[in-house]
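Visitor: Task: produce atomic coordinates for the following.
(chains A and B)
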Amino acid sequence: METLVIAAVIIGLYMAWNIGANDVANSMADAVGSKALTIFWAVVLAGICNFCGAVLVGSHVTDTVRKGIIDTQAFAQDPHILAYGMVCALLGAAVWLNLASLVGVPVSTTHSIVGAIVGFGILQAGFAHIHWAKLGQIVASWFISPLVGGILAFVIFKLISRYILAVESPATAARKGVPVCVFFTFTILFLATIYKGLKNINLHLSGSEALAISILGGLAAAGASLLLTRKRKNFNHHLSGNEQLRQVEKIFAVLVIITSCTVAFAQGSNDVANAIGPLAAVVEIARNNAIPGKVAVDIKFLVLGGLGIAAGLAMFGHRVMRLVGTKVTEITPSRGVAADLGGMITVLACSKMGLPISTTHTLVGAIIGVGMARGITAVNRKVVGSIFTSWLVTIPVAAGLTIVFYLLGQWLLW
Amino acid sequence: MPMRLLEKFFAPSPFVKLDEHTKKVHECVELLRPLAKALIDEDYEKIEELHNRMSKTEHEADQIKTALRDRITGMYFLSVGRLELSQFLAYQDDVADTAEDFAVLVLLRRTKIPTELKEDFLAFVEQVIKVSEHLLDMSEKLSSLARAAFSGKESQKVLKAVERIGQEEWQVDRLERKFARNFYSMEKQLDPVTIMFLDKYCKTLSMVSNNAERTAKYLRLIIRKK
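Guide: Prediction:
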C-alpha cells in the first residue's frame, strides 16, 4: 500500500507540475500578450492567484474527480482496487499528455484525467457503476463552456465597443468604465469564493451575507481602481481619435492585469482537481481502508496541489509565458479584458458546480467571441480544428491507456 | 497540457499586408504623372524606361496579392469576411492593372498631344492620381478602424473619406469630358489614329479612377456588413 501512495503522490505532483508549467501561462496570455505585464510579474501573480483559487474554490471539482464519476460503492468490499485504479488513471492521463504534446495535439489535462478515470471505471466496476448522468453533464460542459465563454466575451466586448471605443471621447469613457468593470469582476470573484464555499476553513456564511460582502468587496476594489486610473491630468479632449484609442488601451492595461489574475484564480479552482482528485482518493483509501466518504476533501491536498502547480510555474512557466507573449500580439488590453471576463465567469461557475472543464478551451471560446464582436481579425483555422479533434480523441485514448496500465499492473504487480 | 495552444491560435492581421498592397498600387498610379509628361515632351526613351518600371511595380503588387491570398486561406476571419477581403484586394489590384494598361498605350504609339491640350491632359492625369491618394489614405485608416473594432467614430471618419473619393472621382469625369470635348473640337486638324488614341487614353485613365472609387465603395460594404 505504501508504494501505491508514493506512486500516487509522485504522479499527482507531476500532473500538478505539468499544469503549472504549461496551462497557467494561458490564463495570463491576455495580460502578457498585450504587453501590460512583464513575464516575471505574470509568473508571480499567476502563481499566487492560481494557488488561492485552488485552495479557496478548488474543493468542488476535486470532489467530483475524487468520487463523483465512478460509483465508489462498487469498491466498498475491496477499496484497494479503487486505489490501484486511481494511480493507473493518473499514469494513463500523464502518458497521454506527454504523447499528445510530442505529436502537437492540444489536449486538455482535465479531459485526460476524466477519460482515464472513466476507463478504469468501465473495466473494474462495469458500465452500470459509472455515474453516467454526472459524466454526461461533464462532457456537455466541455462543449458548452467555450460557447458560454464566447457568448459572455462577445456581449462584454460589444459593451466596451459601444460605450467606450465608439464614443466622442474614448479615453474619458474608459476612465469611467474601468471602475465599473472592476466592481463586477470583484463582486463575482468574492461571490464565487464565499457563497456556499469556504467550508474548508470553517467559515459558514448565509447567501445574503455572502452577497453583501461580495458587493462591498466589489465597491472597495472599484474605488481602488479609480485611484489607479485617475492619475493623469485631463488633456484627453485635445487628442486625436487615434491617440485617444491608444490611451484607452493604456487605461485598460491596468484592468487586463486584474482580469488575467482572476482567470488564473479560476483556473486554479478547476485544474487543481486534475492532479489532486485521484491522489486524495488514494491517500484516503490507504489511511482509512475504506472508499472516500462524504467529507469534503481535506484542504491540505488543495494546498499541496496549489504548491505543485506553483512549482511547475516557477520552474518552467516563464518559458511558456515568453512564448505566449511574443506570439499573442493581436490581443490588446480592451479585447483581453472581455475575453478574460468571459472565461473567468464561465470557469468559476463550472468550478462551483463541480464540473471539471478545460480553462484553455474556454479561453479560446472567449477569444473567438471577442472576434465575432469584431475585436480580433483572424485566428488560425488549423488550431481551431485541432481543438475539435482533441475533444473526440481524448476520452477513448486516455481511457484505453488506463485500462492497459491497469491490466499490466494486475498481471505484473498485484 | 493544452500546450502552446494560444500561441498558435492567433493569426497575424491581414491589414499590414493589405497596407503594403495599397502602397504598391499607389506607386503604379504615381508613375502616370511622369508617363504623361514624357508623352507630352515626346521623350520616347523615358517612356520605355517608365513602362518597364510600371510593369515591374505591377508585378510586385501581384506578388503581394498572391502571398496575402495564400495566407488568408489558413485563417478564420472574424472581424472582416474572408470573401470580402479577397474581393477588396481584387478591386484594388484592378487599379494597378489599368495604370499598367495606360503605360502600354503610351508605349504603343508616339502620339503627339496638341499644344493647346497639354495643360488639360496633365490636369486630368493629376486628378486621377489624387483619387488614388485618397484611396491610399483610406486604406491606411483600415488599421485604426480595426483597433476601434469597426465601431462608432472611426468608421464614421472612413465613411466620410469614401464620400470624398466619390467627389474627387466626379472631378476626374469633369476633366475627362473637358479634354475630350476639346480634342473632338479639333478633329479636323488631327489625324484619325491620333484621335483614336486620345480617346483610349481618356478611357483608360478614367478607368483607373473608377476602379479606385469602386474599391473605396466596397470598403463601405465591409464596414457596414456586421
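Visitor: Tell me which residue of the stretch 101-250 of chain A lies closest to chain B.
Guide: Residue nearest to chain B within the stretch 101-250 of chain A (Cβ to the nearest Cβ): A:A166, separated by 2.4 Å. For every residue, glycine as well, the C-beta is placed using N, CA and C.
Visitor: and the stretch 301-414 of chain A, which of its residues are near chain B?
Guide: Residues of the stretch 301-414 of chain A that fall close to chain B, judged by Cβ under 8 Å from any Cβ of the partner chain: A:320, A:323-324, A:327-332, A:334, A:358-361, A:363-364, A:367-368, A:371-384, A:387.
Visitor: Pull out the buried members of the residues you listed.
Guide: The neighbour-count test (16 or more other Cβ atoms under 10 Å in any protein chain shown) marks A:320, A:323-324, A:327-328, A:330-332, A:334, A:358-361, A:363-364, A:367-368, A:371-380, A:383, A:387 as buried among these.
Visitor: Contact partners for the residue nearest to the residue of the stretch 101-250 of chain A closest to chain B when sequence neighbours are not counted?
Guide: Counting by Cβ to Cβ, 6 or more residues apart in numbering or on different chains, A:A166 lies nearest to B:G152, which is 2.4 Å off, once chain neighbours are set aside. Applying Cβ atoms under 8 Å, 6 or more residues apart in numbering or on different chains, we find B:G152 in contact with A:S161, A:R162, A:L165, A:A166, A:V167.
Visitor: name the helices or strands packed onto the helix or strand where A:V370 lies?
Guide: If you go by DSSP states H and E, A:V370 is part of helix A:359-372. In terms of contacts (3 or more Cβ pairs under 8 Å, 6 or more residues apart in numbering or on different chains; DSSP states H and E), helix A:359-372 is packed against helix A:24-27, helix A:132-160, helix A:241-288, helix A:333-352, strand A:378-380, helix A:381-412, helix B:5-9.
Visitor: Can you tell me how far the closest residue to chain A within chain B is from A:E168?
Guide: For chain B, the nearest residue to chain A under the criterion Cβ to the nearest Cβ is B:G152, separated by 2.4 Å. Distance of B:G152 to A:E168, computed by Cβ to Cβ, to the nearest Å: 9 Å.
Visitor: any idea whether B:I113 is helix, strand or coil?
Guide: coil (DSSP: H, G, I helix; E, B strand; the rest coil).
Visitor: quick one: contacts for it?
Guide: Per Cβ under 8 Å, 6+ apart, neighbours of B:I113: B:L39, B:I40, B:F121, B:L198.
Visitor: Could I get those in CSV, plus columns for secondary structure?
Guide: Formatted as CSV, the contacts of B:I113 follow (three-state DSSP):
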residue, secondary structure
B:L39, helix
B:I40, helix
B:F121, helix
B:L198, helix
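Visitor: if we can go back for a sec, and the contacts of B:G152, which is closest to B:F15?
Guide: Using Cβ to Cβ, A:L165 is the member of the contacts of B:G152 that lies nearest B:F15, at 16.8 Å.
Visitor: my guess is the closest one contacts B:A148, does it?
Guide: Yes: the criterion here is Cβ atoms under 8 Å, and A:L165 meets it with B:A148 at 5.2 Å.
Visitor: anything in contact with each of the two?
Guide: Joint contacts of A:L165 and B:A148 (Cβ under 8 Å, 6+ apart) are A:L245.
Visitor: Apart from its chain neighbours, what residue comes closest to B:T215?
Guide: Closest to B:T215 by Cβ to Cβ, 6+ apart is B:Y91, at 4.2 Å.
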